[in-house]
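# quick one, fold the following:
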Amino acid sequence: MKSATCRSWFLAISAVIWFAIAAQAYGPLGHEIVGAIADERLANTRTAAKVSALLDGLTLEKAAVIPDEIKGWDKNGVDDPESFHYSAHRNIDRQLRDFWRANQPTHDLNSTAPSHHWFHYTDVPVVPSQRYRDGTAGRSRWDIVHMIPFCVQVLQGQVPEENDRKITKPVALILLAHYVADIHQPLHVGAEYFDTQGRIADPDKDKSALGDQGGNTFTLELSDEPPRRRGMHKKKFHGFWDYDAVNALFPQVPGALRKNEMQTLIESLKKEMVHEMTTHEPRNWRMPPSIPVSSYAEMWVDEILPIAREAHERVQFTNVHPQQEEDRVVASGEADEKPRPDKMNYRLWATNTVREELHKAGWRLADLIEKIL
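Take a look at the predicted model:
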């Protein structure tokens, strides 16, 4: 199970602005990009009108960040007087709170009610090379491969809105806007597993093997990293993909601007990027016409697993050891960038990958919603 602070594809909380200095973040940039591409792709269509009606006027750009925002309810619960509300959208707010209550955070993998955190990812082993359906380790009935089609079925009326997960049609659309981006983040689908000696292991053969939690329990050291100042901690492997690789799409943002100036500049640059991605078709984004939408999530995972594998192969794992986290044991350690014959450093490779996956995710989200609605 991933930690409460991660597992959101490109939760690039615009640390973009603090890229060169160390990160006080404020906006889930990557999810916004995917949602905004879908908004622009669907603009002025009957589907867009249906989306607006379901979301009470919210855009997909805004809806796409909500499944991470509601993690803010985890600490004190939705009934705490200080918990935030979506005050301008009271009906959606009520449905989201019902959803949270039905899927409260838990570390008990045998719980009859799943944690809403589990819905954001799957942990398919990257070693040995495999497809989603080739094994059982890292998968669950509540992972993203199952939750995307569940949301689709709710929107299609195949699953009633009064279901145990309290996923209504508006909530299903909000979740889809988020999950389609999550599933295009390599470390949301693939994980490395290690034996008790810290060696890479196959968890389907070694049941005691511990996973890297999608990189959440490993720090990452890159070859182009500037020296860390006193008090600065190493970044997390997973966090690099959620934040830094997205932030690097905007290298022209200076670090000396005031926060409001940076926010204005980022918003402008984001709009330019979204429009460019909307008007230029990404490569290999279409699903075969014979494949039902219920199978899209599994196909997307199988497509991105080789990228997840390369994301792990490009680093050297060291100091790997079991680590107790609350009521579970995980693999922890360090990941250091390996030299590459192609001379392409990890950051550049990851940034290029992120750009392509964001682009495809936006088009796929629009296409999926159009087919459903």
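
# how about the residue lying closest to residue 178 once chain neighbours are set aside, secondary structure?
Excluding the flanking residues, the one nearest residue 178 by C-beta to C-beta, 6 or more residues apart in numbering is residue 67, at 4.1 Å. C-betas here are computed from N, CA, C, even on glycine. Here residue 67 is recorded as helix under DSSP: H, G, I helix; E, B strand; the rest coil.

# so which elements touch the longest helix along the chain?
Across the chain, the longest stretch assigned as helix under DSSP state H is helix 346-372. Under the contact definition 3 or more C-beta pairs under 8 Å, 6 or more residues apart in numbering; DSSP states H and E, helix 346-372 sits against helix 29-42, helix 46-54, helix 144-156, helix 169-182, helix 245-247, helix 259-279, helix 296-313.

# what comes up buried for stretch 345-355?
Within stretch 345-355, the residues scored as buried using 16 or more other C-beta atoms under 10 Å are 345, 346, 347, 349, 350, 351, 353, 354, 355.

# can you list the residues that contact stretch 334-351?
For stretch 334-351, contacts defined as C-beta atoms under 8 Å, 6 or more residues apart in numbering pick out 215, 218-224, 234, 237, 240-241, 244-245, 248-249, 311, 314-319.

# could you rerun that using 6 Å?
Stretch 334-351 is contacted from outside by 218-224, 237, 245, 248, 314-319, using C-beta atoms under 6 Å, 6 or more residues apart in numbering.

# select only the buried ones of these in ChimeraX?
Those of these that count as buried under 16+ other C-beta under 10 Å are selected in ChimeraX with:
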select :218,219,220,221,222,237,245,248,314,315,317
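
# and the furthest pair within the contacts of stretch 334-351?
Using C-beta to C-beta, the contacts of stretch 334-351 span at most 26.6 Å, a distance reached by 248 and 319.

# show me the strands in the stretch 1-150 of the chain, by range?
Taking DSSP state E, counting those that start in this stretch as the criterion, the stretch 1-150 of the chain contains strands spanning 124-125.

# low-confidence ranges in it?
Within the stretch 1-150 of the chain, the ranges that satisfy pLDDT under 70 run 1-27.

# what comes into contact with stretch 295-307?
Contact with stretch 295-307 is made by 124, 131, 132, 145, 148, 149, 183, 186, 189, 190, 287, as judged by C-beta under 6 Å, 6+ apart.

# ok, of the residues you listed, which come out buried?
Neighbour-count burial within those applies to 124, 132, 145, 148, 149, 183, 186, 189, 190, 287; the criterion is 16+ other C-beta under 10 Å.

# reformat those as TSV; add distance to residue 107.
Converted to TSV, these look like this (distance: C-beta to C-beta, whole Å):
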residue	distance to residue 107
124	21
132	24
145	21
148	24
149	26
183	23
186	24
189	21
190	22
287	35
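
# just give me the closest of the residues you listed to residue 73.
Proximity of the buried ones among the contacts of stretch 295-307 to residue 73 was ranked by C-beta to C-beta; the top entry is residue 148 with 22.6 Å.

# show me the contacts for residue 38.
For residue 38, the contacting residues are 60, 362, 365, 366, by C-beta under 6 Å, 6+ apart.

# list the contacts of the second one.
Residue 362 makes contact with 34, 37, 38 under the criterion C-beta under 6 Å, 6+ apart.

# gap between the last one and residue 304?
Residue 38 is 19 Å from residue 304, where distance means C-beta to C-beta, to the nearest Å.

# cool, the first one as well?
Note on residue 34: its distance to residue 304, by C-beta to C-beta, is 14 Å.

# and for residue 360?
Separation of residue 360 from residue 304 (C-beta to C-beta): 10 Å.

# same deal with residue 88?
Residue 88 sits 35 Å away from residue 304, going by C-beta to C-beta.

# A strand includes residue 249, no?
No - looking at residue 249 with three-state DSSP, it is coil, so not inside a strand.

# use 468 as the first number for this chain going forward.
From this message on, residue numbering opens at 468, which makes the last subject residue 716.

# before we move on, the earlier item: off-centre distance for the longest helix of the chain?
11 Å (C-alpha atoms, centre = their mean, to the nearest Å).

# neighbours around residue 758, how many?
Neighbour count of residue 758, defined by other C-beta atoms under 10 Å: 11.

# and it, what element?
For residue 758, there is no helix or strand it lies in under DSSP states H and E.

# so what's it scoring on pLDDT?
Note on residue 758: pLDDT of 95.

# burial count for residue 647?
Burial of residue 647 is recorded as 31 neighbouring residues (other C-beta under 10 Å).

# list the contacts of it.
Contacts for residue 647 (C-beta under 6 Å, 6+ apart) come out as 828, 832.

# burial check on residue 652, number of neighbours?
32.

# any idea how far it is from residue 612?
14 Å.

# ditto for residue 507
27 Å.
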